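Student: Show me how the following folds:
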Amino acid sequence: MKKLQVVGLGGSLSEQSTSLAALSIALEGAAEAGADVTLFDVKVLDLPMYVPGSTAADAPAAARRLADAVGDADGLLWSSPMYHGTLSGAFKNALDWLQLLSDREPAYLTDKVIGLISTAGGTQGLQAVNTMEYVVRALRGWAVPLVVPVAQSWQTFGEDGRVLDSKGEPIPGLYAAGEVAGFGGGGYHGYNALEGTFLGGCIFSGRNAGRAAARQ
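Tutor: Below is the predicted model of the structure:
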């Protein structure tokens, strides 16, 4: 019996990305269920901005690899951080490169099933998922009804950089710093954090995670 091919697209330009971590966990679940999985990290893809009218002949190799994998996949998983109420620019740009699938038969994502994930530092994570649903419909796919918005993702991480389980207990040997430790809406600067405090959160979270790891 042919294995299902599941392709994941996600991540951010951050050194440590909650959306990439969430996508990796989802793909692990798909693999455990028997699927062959492939992960595309938007940071590793390093795609230039999509220019309307681009074709496979003049597209970068990374864009062609992404489009070919997505076109051949049975199902997809998308995971984006929520920036200012919507998708990240890097993630949306990767989706724009799927225009390369326009001349396939059937075109775009016709009848493919797409699972949607978003992560957010604040109390709302659903807006990014809603935006992804619009893209899924525009590309003729089907969005899975059960979506996974991870709001206040900073709550998953302790002040010493330890990753916490569902009971708030640290997971041995697992640490986080930077964006995943509190990208706005909480973290080291509280619920009313402004964007200008993010750098401080990255610095302090990195220092604390390093000190905690050294103590173990």
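Student: Please identify which helix or strand holds Gly29.
Tutor: helix 18-32 (DSSP states H and E).
Student: Could you list every helix and strand that that helix packs against?
Tutor: Packing contacts for helix 18-32, counted by 3 or more C-beta pairs under 8 Å, 6 or more residues apart in numbering; DSSP states H and E, involve strand 5-10, strand 36-41, strand 75-81, strand 113-119, strand 148-150. (C-beta placed from N, C-alpha, C; glycine too.)
Student: which of these sits most buried?
Tutor: strand 75-81 (a mean of 27; mean count of other C-beta atoms under 10 Å).
Student: send the alpha carbons of that one over as PDB?
Tutor: Presented in PDB, the C-alpha positions along strand 75-81 are these (Å, rounded to 0.1, in the frame of the first residue of the first chain):
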ATOM      1  CA  GLY A  75      -1.800  16.300   2.400                       C
ATOM      2  CA  LEU A  76      -0.200  19.500   3.800                       C
ATOM      3  CA  LEU A  77       0.500  21.100   7.100                       C
ATOM      4  CA  TRP A  78       1.000  24.800   7.300                       C
ATOM      5  CA  SER A  79       2.300  26.600  10.400                       C
ATOM      6  CA  SER A  80       2.800  30.400  10.700                       C
ATOM      7  CA  PRO A  81       3.500  32.700  13.600                       C
END
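Student: And the next helix or strand past that strand?
Tutor: Beyond strand 75-81 on the C-terminal side, the first helix or strand identified by DSSP H and E is helix 89-96.
Student: Show me what that following helix packs onto, helices and strands only.
Tutor: Against helix 89-96 (3+ C-beta pairs under 8 Å, 6+ apart) you get strand 5-10, helix 42-45, strand 75-81.
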